[in-house]
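Visitor: Sequence below, structure please.
(2 chains)
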Amino acid sequence: MTIAALNPNPLPAILPGSGGMRGALSDLFWRRPQVLLLLMLLPPVLWLGIVYIGSLFALLAQSFFSIDEFSGLINREFTLKTYGDLLQAANLDIILRTVTMAALVTLASAIVAFPIAYYAARYARGRWKALFYLGVMLPLWSSYLVKIYAWKLILAKEGILTWLLAKLHLLWLLDAWLSLPVVGGNSLSVSFTGTFIVFVYVWLPFMILPVQAALERVPGNLVEASSDLGASPGQTFRNVLFPLALPGIVAGSIFTFSLTLGDYIIPQIIGTSRLFIGQAVYSQQGTAGNIPLAAAFTVVPIVIMGFYLWGAKRMGAFDAL
Amino acid sequence: MRSDRGQSAPVGLKIAAACGLLFLHLPILLIFVYAFTTEEKSFVWPPPGLTTQWFAVTWNRPDVWEALSLSVRVAAISTTIALVLGTLCAAAVSRTKFFGRETISLLVILPIALPGIITGIALRSAFALADIPFSFWTIVLGHATFCVVVVYNNAVARFRRTSGSMIEASMDLGADGFQTFRHVVLPNIATALLAGGMLAFALSFDEVIVTTFTAGQQQTVPIWMLEELIRPRQRPVTNVVAMVVVLVTLLPILFAYYLTRDGDQIAGSGK
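Guide: Below is the predicted model of the structure:
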């Protein structure tokens, strides 16, 4: 009491404040953590907000412009005409083809991914576990174009697959498959079958990782209990494993589906001349110069993925990510 | 006796898992064989002969060196920007709860969650609207945007494992905020940042879709390869470059795995 009365200044802190600009700043951050938080958030939010969200809005805005068919110039007035163009038979065809491919690729990825994920989750231990992890991560991270190129080498007419089938005396099977409508073609590298295989290959790791994460959480004794109670392996899979792995499969399908919807390089390099959404976007903005239509096309995967994510969230897929 | 240990997998499952892994790896290994083939015009298998002459031919191609130099410069600058932005964002999100926190994590993930073509064409149309000519920096702008998420993911995982009491102890012992950052926080998150940086570098080095929209006439390595895939000039050179690209991207991934193997998740997922 007396000390406080004698000293007109407020009580000093335990330690004197460190001097200078740096000390003052440091003290400010300590007293007002919100200032520090704001300063930390400002650069990333500004960058992503301006560069990314800004560009997305610029794109969205362009989809409501239209192109003048005679001059080829963009008419900057609000219209829904471009979205109307999307409903033309040729464009609807492109959308339908892409969605079908995405669905098939997702299904096949889930089937191929499951045994790998299940083995890694339930049986692999120690060094093998690490090996499986790297075995999935390395292909995931190795160059996307190199992977496509590798498949060009495999699927080409004179490539390794033809050689292998010739050795096995199964060339007639390849020829029969290639003569089928829609999925066939001149060679595998210019057919939908080829496009499909490469899509599955390139996105497969994106499916394995979440399925494995979901299966890691299934206790081993659940499977044993099921077989102790007399279920066959098939019944155990259907009634125990599959329902528990489903959120992981849905989570993986977000990637396989979305990536297939947007990709334009794979169908361009390995595929037929019939377009996918990504190729349509690319050619509309490039050679055709019709940015509004390209923008409207990109809205299609955004809307589809919006619904997809909404459904996936309801199935609890985000907990499996 | 515990029954959930030491069992071996059913044979069918072993075979299916092994086939799956082979399916993932054989195509990449194939690239290594093709880099040595003597065949120039087609993709003939098996290679009629093996040679190392294409390494010399590739070495003397100025266009390959130009693409490589552009790729490395873009990746280096993008990684630096992503390291700063991603770390700041991760520090803010992992330390405090605040309004809009979920929105910010979504904002960071979005550039990689939406298909690359959307990011690409969005940036391109924004450049067109703002009259920004294509340059080195337009490529960096796109790459840095989607690299943030990789650094962010690695940093967030590490921040969550770093105990807050260490920071408080440092402050109690009289260190100011900057000293605490320099001597306590930074050493703790350093390896996670290094791993995130390596993955960001690999991601940028490999990115093709966004780059096709933001590069104009410039060629990064993936753009160069894409060009070769559509209009092949000298196939053996492409084979050699493909092999080098595999090695250049795999080494950082392995190193990043090594740095974060006990607990942190590596990777941000996604092209």
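
Visitor: Look at the residue of the stretch 101-250 of chain B found nearest chain A and report its pLDDT.
Guide: Distances from the stretch 101-250 of chain B to chain A, computed as CB to the nearest CB, single out B:P115 as the nearest residue at 2.0 Å. From N, CA and C alone the C-beta is placed, and that goes for glycine too. As summarised for this prediction, B:P115 has a pLDDT of 80.

Visitor: Could you tell me which residues make contact with the nearest residue to it once chain neighbours are set aside?
Guide: Counting by CB to CB, 6 or more residues apart in numbering or on different chains, B:P115 lies nearest to A:G262, which is 2.0 Å off, once chain neighbours are set aside. Contacts for A:G262 (CB atoms under 8 Å, 6 or more residues apart in numbering or on different chains) come out as A:I277, A:G278, A:P301, B:L114, B:P115, B:G116, B:I117, B:I118, B:I209.

Visitor: Correct me if wrong: the fifth one contacts A:L259.
Guide: The one in question is B:P115. Yes. B:P115 is in contact with A:L259 according to CB atoms under 8 Å; the separation is 6.5 Å.

Visitor: who has more neighbours, these two?
Guide: Neighbours around B:P115 and A:L259, counted as other CB atoms under 10 Å in any protein chain shown, are more numerous at B:P115. The numbers are 25 against 21.

Visitor: could you list every residue that touches B:P27?
Guide: Under the criterion of CB under 8 Å, 6+ apart, the contact list for B:P27 reads A:K147, A:A150, A:W151, A:I154, A:Y201.

Visitor: In space, what's closest to A:L153 - neighbours in sequence excluded?
Guide: Nearest to A:L153 is B:F43, by CB to CB, 6+ apart, at 4.9 Å.

Visitor: tell me the contacts of the one you found?
Guide: Contacts for B:F43 were tallied using CB under 8 Å, 6+ apart; they are A:K152, A:L153, A:A156, A:E158, A:G159, B:Y34, B:R235.

Visitor: residues near the fifth one, how many?
Guide: By that I understand A:G159. Other residues near A:G159 number 21, with proximity taken as other CB under 10 Å.

Visitor: That one and A:L153 touch, don't they?
Guide: Yes. With contacts counted by CB under 8 Å, A:G159 reaches A:L153, the gap being 5.6 Å.

Visitor: overlap in contacts of these two?
Guide: Shared contacts of A:G159 and A:L153, defined by CB under 8 Å, 6+ apart, are found at B:F43, B:W45.

Visitor: ok, back up a step: show me the contacts of B:P27 that map onto helices.
Guide: A:K147, A:A150, A:W151, A:I154, A:Y201 (DSSP state H).

Visitor: so where does the residue nearest the centre of chain B fall, helix or strand?
Guide: Residue closest to the mean C-alpha point of chain B, counted by CA atoms, centre = their mean, is B:L203 at 2.2 Å. Assigned by DSSP states H and E, B:L203 belongs to helix B:186-206.

Visitor: Restricting the selection to alpha carbons, write that helix to PDB.
Guide: As requested, the backbone C-alpha atoms of helix B:186-206 are provided in PDB (Å, rounded to 0.1, in the frame of the first residue of the first chain):
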ATOM      1  CA  LEU B 186      11.800 -23.500 -35.600                       C
ATOM      2  CA  PRO B 187      14.000 -26.400 -34.600                       C
ATOM      3  CA  ASN B 188      10.800 -28.300 -33.700                       C
ATOM      4  CA  ILE B 189       9.100 -27.800 -37.100                       C
ATOM      5  CA  ALA B 190      12.300 -27.700 -39.200                       C
ATOM      6  CA  THR B 191      12.100 -31.300 -40.600                       C
ATOM      7  CA  ALA B 192       8.400 -31.000 -41.300                       C
ATOM      8  CA  LEU B 193       9.000 -27.800 -43.200                       C
ATOM      9  CA  LEU B 194      11.900 -29.400 -45.100                       C
ATOM     10  CA  ALA B 195       9.700 -32.400 -46.000                       C
ATOM     11  CA  GLY B 196       6.800 -30.100 -47.000                       C
ATOM     12  CA  GLY B 197       9.200 -28.000 -49.100                       C
ATOM     13  CA  MET B 198      10.500 -31.100 -50.900                       C
ATOM     14  CA  LEU B 199       7.100 -32.300 -51.700                       C
ATOM     15  CA  ALA B 200       6.000 -28.800 -52.800                       C
ATOM     16  CA  PHE B 201       9.100 -28.800 -55.000                       C
ATOM     17  CA  ALA B 202       8.300 -32.200 -56.500                       C
ATOM     18  CA  LEU B 203       4.600 -31.100 -57.000                       C
ATOM     19  CA  SER B 204       5.600 -27.900 -58.800                       C
ATOM     20  CA  PHE B 205       8.300 -29.700 -60.800                       C
ATOM     21  CA  ASP B 206       5.700 -32.200 -62.100                       C
END
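
Visitor: what packs against that helix?
Guide: On a contact count with 3 or more CB pairs under 8 Å, 6 or more residues apart in numbering or on different chains; DSSP states H and E, helix B:186-206 meets helix B:62-95, helix B:136-161, helix B:221-230, helix B:235-260.

Visitor: and these, which is most packed in?
Guide: Across those, averaging neighbours per residue (mean count of other CB atoms under 10 Å in any protein chain shown) puts helix B:136-161 on top, at a mean of 24.

Visitor: is that helix anywhere near chain A?
Guide: Yes. Looking at helix B:136-161 against chain A by CB under 8 Å from any CB of the partner chain, the contacts come from B:L141, B:A144, B:T145, B:V148.

Visitor: what angle do that helix and helix B:186-206 make?
Guide: With axes from the mean of the first three to the mean of the last three CA atoms, to 10 degrees defining the directions, helix B:136-161 sits at 140 degrees from helix B:186-206.

Visitor: Could you point out the helix or strand that follows helix B:136-161?
Guide: Later in the chain than helix B:136-161, the nearest helix or strand by DSSP H and E is helix B:164-172.

Visitor: Turn the helices and strands packed on helix B:186-206 into CSV, including mean pLDDT.
Guide: Supplementary listing: these in CSV, determined by pLDDT from 0 to 100:
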stretch, mean pLDDT
helix B:62-95, 92
helix B:136-161, 90
helix B:221-230, 89
helix B:235-260, 84
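
Visitor: okay if I get those helices as TSV plus distance to B:H183?
Guide: Putting these into TSV (distance: least, CB to CB, whole Å) gives the following:
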stretch	distance to B:H183
helix B:62-95	16
helix B:136-161	17
helix B:221-230	39
helix B:235-260	21
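
Visitor: hmm, back to that, and the gap between the residue of the stretch 101-250 of chain B closest to chain A and B:I209?
Guide: Distance, B:P115 to B:I209, using CB to CB, to the nearest Å: 8 Å.

Visitor: distance between stretch B:183-200 and the chain's centre?
Guide: Using CA atoms, centre = their mean, to the nearest Å, the mean C-alpha position of stretch B:183-200 is found 16 Å from that of the whole chain.
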